[in-house]
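Asks: Quick one, structure for this:
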Amino acid sequence: MLLPRTLLCLAQAWLVLADTQLVLNQLQTVSATTSPLTYSLPTSQRPVSVSVALCSYQQSATPRFFVSNGSVMSPGPDDLGEDVFELELDGYSLGNLTVQVTSSGVLAVYNATDMSFEVGVSDDGPMHQVLDELPLFSDSTANQVLMFSPPFSPPSISAPSYPNYTLPAANQTFPPEPPSPPEYSLFIAATTSSAFMTLPRTGCAFRGSANNVGRLLASAQSEGLWLRDTGGWRWQWFVNGLVPMTNYTVYAVKNETQVTAPIYFSTKSPAFACPIVYGLPFCPSIGYAAPLGNDDPATGVTATELPSAFTDNLISGLTNFTVMLTTLACGRDLYSPIVTCADCQAAYRNWLCIVSLPRCAEYTSTTSSSAAATSTSTSMFGQGTAQEPLITPTPALAVQNASSPRNPNLPPFAKNYTAVLPCLEVCYGADRACPPFLGFQCPLPQYTAGQSYGVGYVDTGEEGVVGGGMTGAGTDQWGNVWCNGPGVV
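Replies: Have a look, this model is predicted:
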């Protein structure tokens, strides 16, 4: 007769033989039918990260994951101790745990019957994790949105030095694209959708629900790579088919498993007529709705579709400015210990593009134009969610007469529209980076600046005081746009 301890050893040996061997740096997708499930962990001389992401779950069950890197062959809730650890899931329904597995290790899964999940073991960081960076909401219309992935591969920019003070051309060309950019996907879903609200916030859940809950857009479905600023290259998506006046939530997924925190936006009303302008090499940071006619709104407006009077005047002005700027010795030894002529040109380009091409907006449907001008709780794209900041200042909006374009090089628009004014800091950026002899000056906050710029949103609006404005940025991840300029992402 076998002793009880012998029976236990045989049972543990059977579990080791019956479980699945996980492979280092490879994903394993599981549809659980029994509980518990056990998996042998690969050994490594380096610490390994065991990570899990739920692809679906049952509301009535709470799955639990236990990792052993010692003698316990079937770790569970009663075995927590020196060699047994619980891998806990976060609010995204993913989690990871780093352990040393030199001889043997086991992952045990409980209460996951009728669920599917991914598990991965890596010696190069967690395969499943929440990323610190965010995707970028550029702008929306009634049924479109322009989105960007988080930045990657910052460009190498060399400061001009003696005797070569060559600066980028007005109609600039981008440096070579990065040879192996990371793959990104965007998952877009209506925020209040009941199916979306119960969905795990993981890459595999997004992939599995893309047909009936939201929309998953891979890098191959994007408009390609775009270098909109010095932060780095981004994937760019121009998305059609959205519902007017609807709140949307967006997640970016890197390499199918790593998920960013969400950002939010709202589509505008069906009456909103401005198309999105993007893809301008002479104004790479421009990507928003502008008062321009467009024969095919589904494609937006790109550089080749802009009026030649606007394009030629902007490029000519930037060219002349660059020629005048390079009459000065641009090296750090003579120009400035902090900035160079290249910084001046970049800041001036940003200012010129933003003030030359007005950004369309619209007042919220709950307030009239006059009420919105004094309200302190209205936002242009407010979500009304519990996570949104409690105080949402009124954006810097101004009604524009269609027969008197803000820029005379633009053709008259079909009807009056509302513009969101540039942030005053866009002007300050050029003023700080450029030499005084150019004569570039910004209006003062206490006098006329409020007629042409959004004042007090990024900075306080007081002379000499930097930071501490009402919002600290022109835009935020909640979809609020207070003035046209620097955002938080």
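
Asks: Would you confirm that residue 314 belongs to a strand?
Replies: No. Residue 314: not assigned to a strand; according to DSSP: H, G, I helix; E, B strand; the rest coil it is helix.

Asks: who's in contact with it?
Replies: 170, 282-283, 352-353, 356, 409 (C-beta atoms under 8 Å, 6 or more residues apart in numbering). To be clear about C-beta, it is placed using only N, CA and C from the backbone, and glycine gets the same treatment.

Asks: From residue 320, how far out is it?
Replies: Distance, residue 314 to residue 320, using C-beta to C-beta, to the nearest Å: 11 Å.

Asks: before we move on, what about residue 342?
Replies: 17 Å.

Asks: Over to residue 438?
Replies: For residue 438 relative to residue 320 (C-beta to C-beta), the value is 11 Å.

Asks: More neighbours: which of these two?
Replies: residue 438 (15 against 11; other C-beta atoms under 10 Å).

Asks: Surely that one and residue 325 touch.
Replies: Yes. In this structure, residue 438 is within contact of residue 325 by C-beta atoms under 8 Å, at 6.9 Å.

Asks: Show me whatever sits in contact with both of those two.
Replies: Shared contacts of residue 438 and residue 325, counting by C-beta under 8 Å, 6+ apart, come down to residue 344.

Asks: give me the element residue 39 is part of.
Replies: Residue 39 belongs to strand 37-40 when elements are defined using DSSP states H and E.

Asks: The next helix or strand after that strand pairs with which strands, and in what direction?
Replies: Moving toward the C-terminus from strand 37-40, the next helix or strand (DSSP H and E) is strand 48-56. Strand 48-56 sits in its sheet next to strand 94-99 (antiparallel), strand 116-122 (antiparallel), going by DSSP bridges.

Asks: What are the boundaries of the helices in the protein?
Replies: 4-18, 194-197, 203-209, 308-325, 341-356, 369-372, 424-433, 449-452 (DSSP state H).

Asks: Show me which residues of the last one are buried.
Replies: Read it as helix 449-452. 449-450, 452 (16 or more other C-beta atoms under 10 Å).

Asks: Can you dump the C-alpha atoms of it in PDB for me?
Replies: Provided in PDB are the C-alpha atoms of helix 449-452 (Å, rounded to 0.1, in the frame of the first residue of the first chain):
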ATOM      1  CA  ALA A 449      -3.000  89.800 -26.600                       C
ATOM      2  CA  GLY A 450      -6.400  88.400 -25.800                       C
ATOM      3  CA  GLN A 451      -7.800  89.600 -29.200                       C
ATOM      4  CA  SER A 452      -5.600  87.200 -31.200                       C
END
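
Asks: Need the residues that contact it.
Replies: In contact with helix 449-452 (C-beta under 8 Å, 6+ apart) are residues 355, 421-422, 424, 442-443, 455.

Asks: Tell me the one among these nearest to residue 182.
Replies: The closest of the contacts of helix 449-452 to residue 182 turns out to be residue 422 (C-beta to C-beta; 32.3 Å).

Asks: List the contacts of the closest one.
Replies: 351, 354-355, 452-454, 483-485.

Asks: Closest one to residue 52 out of the residues you listed, please.
Replies: residue 485 (41.2 Å).

Asks: Might you report the residue contacts of the closest one?
Replies: Contacts of residue 485 by C-beta under 8 Å, 6+ apart are 354, 422-423, 425-426, 454, 458, 474.

Asks: any idea how far residue 454 is from the nearest residue to it once chain neighbours are set aside?
Replies: Excluding the flanking residues, the one nearest residue 485 by C-beta to C-beta, 6 or more residues apart in numbering is residue 423, at 2.9 Å. Counting by C-beta to C-beta, the gap from residue 423 to residue 454 is 5 Å.

Asks: Give me the common contacts of those two.
Replies: Common neighbours of residue 423 and residue 454 (C-beta under 8 Å, 6+ apart) are 396, 474, 482-485.

Asks: any idea how far residue 102 is from residue 135?
Replies: Taking C-beta to C-beta, one finds residue 102 at 39 Å from residue 135.

Asks: Compare those two and say which one has the larger neighbour count.
Replies: residue 135 (27 against 12).

Asks: List the contacts of the residue lying closest to that one once chain neighbours are set aside.
Replies: Nearest non-adjacent residue to residue 135, counting by C-beta to C-beta, 6+ apart: residue 252, 4.0 Å away. When contacts are counted by C-beta under 8 Å, 6+ apart, residue 252 touches 131, 133-135, 149-150, 184-187, 259-260.

Asks: again, only this time at 7 Å
Replies: Residues near residue 252 by C-beta atoms under 7 Å, 6 or more residues apart in numbering: 135, 149-150, 184, 186, 260.

Asks: Taking the centroid of this structure, which residue is nearest it?
Replies: Nearest residue to the geometric centre of the chain (C-alpha atoms, centre = their mean): residue 135, 1.2 Å.

Asks: if I look at that residue, how far off is residue 199?
Replies: 18 Å.

Asks: same question, residue 305
Replies: Counting by C-beta to C-beta, the gap from residue 305 to residue 199 is 38 Å.

Asks: Just want to know which of the two has more residues nearby.
Replies: residue 199 (22 against 17).

Asks: Residue 208 is in contact with that one, correct?
Replies: No. Using C-beta atoms under 7 Å, residue 199 is not in contact with residue 208; the gap is 9.1 Å.

Asks: and the residue lying closest to residue 26 once chain neighbours are set aside, what are its bridge partners?
Replies: Counting by C-beta to C-beta, 6+ apart, the nearest residue to residue 26 once its immediate chain neighbours are dropped is residue 120, at 7.0 Å. On DSSP bridges, the residues paired with residue 120 through beta bridges are residue 27, residue 51.

Asks: Break this structure into its domains for me.
Replies: 4-127, 136-452 (automatic domain parsing).

Asks: got the contact list for residue 79?
Replies: residue 72.

Asks: Most neighbours among the contacts of residue 314, which one?
Replies: residue 283 (26 neighbours).

Asks: where's that residue relative to residue 462, distance?
Replies: Counting by C-beta to C-beta, the gap from residue 283 to residue 462 is 30 Å.

Asks: hang on, the earlier thing: out of the shared contacts of residue 423 and residue 454, which is nearest to residue 272?
Replies: Nearest member of those to residue 272, counting by C-beta to C-beta, is residue 484, at 16.3 Å.

Asks: which ones are touching that closest one?
Replies: Here residue 484 is in contact with 354, 359, 420-423, 474 (criterion: C-beta under 7 Å, 6+ apart).

Asks: Residue 472 - how many residues pack around it?
Replies: Neighbours of residue 472 (other C-beta under 10 Å): 14.

Asks: Pass me the low-pLDDT residue ranges in the stretch 251-400 of the chain, would you?
Replies: 331-334, 365-392 (pLDDT under 70).

Asks: coming back round to it: and the buried residues of helix 449-452 as JSON lines, adding distance to residue 58?
Replies: Converted to JSON lines, the buried residues of helix 449-452 look like this (distance: C-beta to C-beta, whole Å):
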{"residue": "449", "distance to residue 58": "58"}
{"residue": "450", "distance to residue 58": "56"}
{"residue": "452", "distance to residue 58": "57"}
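
Asks: Any idea how far apart the tips of stretch 471-478 sit?
Replies: 12 Å (C-alpha to C-alpha, to the nearest Å).

Asks: So for that stretch, what gets flagged as buried?
Replies: Those would be 471, 473-478, for stretch 471-478 by 16+ other C-beta under 10 Å.
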